[in-house]
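[1] 3D model of this:
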Amino acid sequence: MVVFRIDRHSGVATYLQIVHQTKQALRLGLLRPGDQLPTAREVVETTVVNPNTVLKAYRELEREGLVVARRGLGTFVQKSLGAAPADSPLAAELAGWMRRARVSGLDREDAAALFHSVLDQEFSEGEK
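    Next up, the predicted model:
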């Protein structure tokens, strides 16, 4: 089951953080079709957010065709995304790179900026 972590200082709307984290879990294979998302009550208890915020996020995911709400039963994954399992060799290599970045003195934001810069460069070159 996915556990949502809300960063109140990120500047990203709480419902969007839930949407993004759900999509990431789908891409990494942590959530698969048929899996149930935590209930709104469970999310509220673990994150201390307004229940309407959770429901807004789930409605957005449903609008995108990723989940389906079943009245009285909960919200279930309907569709998967991507093919980047969390236990792939690439994930291990990336984790090693992140450890080296931290040891060399980069903080989280610096490492993320460097990662995204290289990501943008590599994927824009592949599209040309």
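[2] and the residue positioned nearest the centre of the chain, what is it in contact with?
    Within the chain, the residue whose C-alpha comes closest to the C-alpha centroid is residue 21; the distance, by CA atoms, centre = their mean, is 2.2 Å. Contacts for residue 21 (CB atoms under 8 Å, 6 or more residues apart in numbering) come out as 2, 4, 5. Where you see a C-beta, it was placed from the backbone N, CA and C, and this is true even at glycine.
[3] okay but residue 111 is in contact with residue 102, surely?
    Yes: counting by CB atoms under 8 Å, residue 111 does reach residue 102; the two are 7.0 Å apart.
[4] Quick check on those two: which one has the bigger neighbour count.
    Neighbours around residue 111 and residue 102, counted as other CB atoms under 10 Å, are more numerous at residue 111. The numbers are 16 against 13.
[5] Do you know the pLDDT at the more buried one?
    According to the model's per-residue confidence, residue 111 sits at a pLDDT of 93.
[6] List the residues that contact it.
    Neighbouring residues of residue 111 by CB under 8 Å, 6+ apart: 98, 101, 102.
[7] Tell me the one of these nearest residue 117?
    Taking CB to CB as the measure, residue 117 sits nearest to residue 101 out of the contacts of residue 111, at 12.7 Å.
[8] measure that closest one to residue 80 for me?
    Per CB to CB, to the nearest Å, residue 101 is found 30 Å from residue 80.
[9] Same drill for these two, tell me which one is more crowded.
    residue 101 (17 against 14).
[10] what about that one, which helix or strand?
    Per DSSP states H and E: residue 101 is located in helix 89-103.
[11] which secondary structure elements does that helix contact?
    Where contact means 3 or more CB pairs under 8 Å, 6 or more residues apart in numbering; DSSP states H and E, helix 89-103 is packed against helix 108-126.
[12] Which pLDDT value belongs to residue 55?
    Residue 55 carries a pLDDT value of 97.
[13] Can you mark which positions in whichever strand or helix holds the residue nearest to the centre of the chain are buried?
    Here residue 21, judged by DSSP H and E, is contained in helix 14-27. Of all the residues in helix 14-27, those buried under the rule 16 or more other CB atoms under 10 Å are 14, 15, 17, 18, 19, 21, 22, 23, 24, 25, 26, 27.
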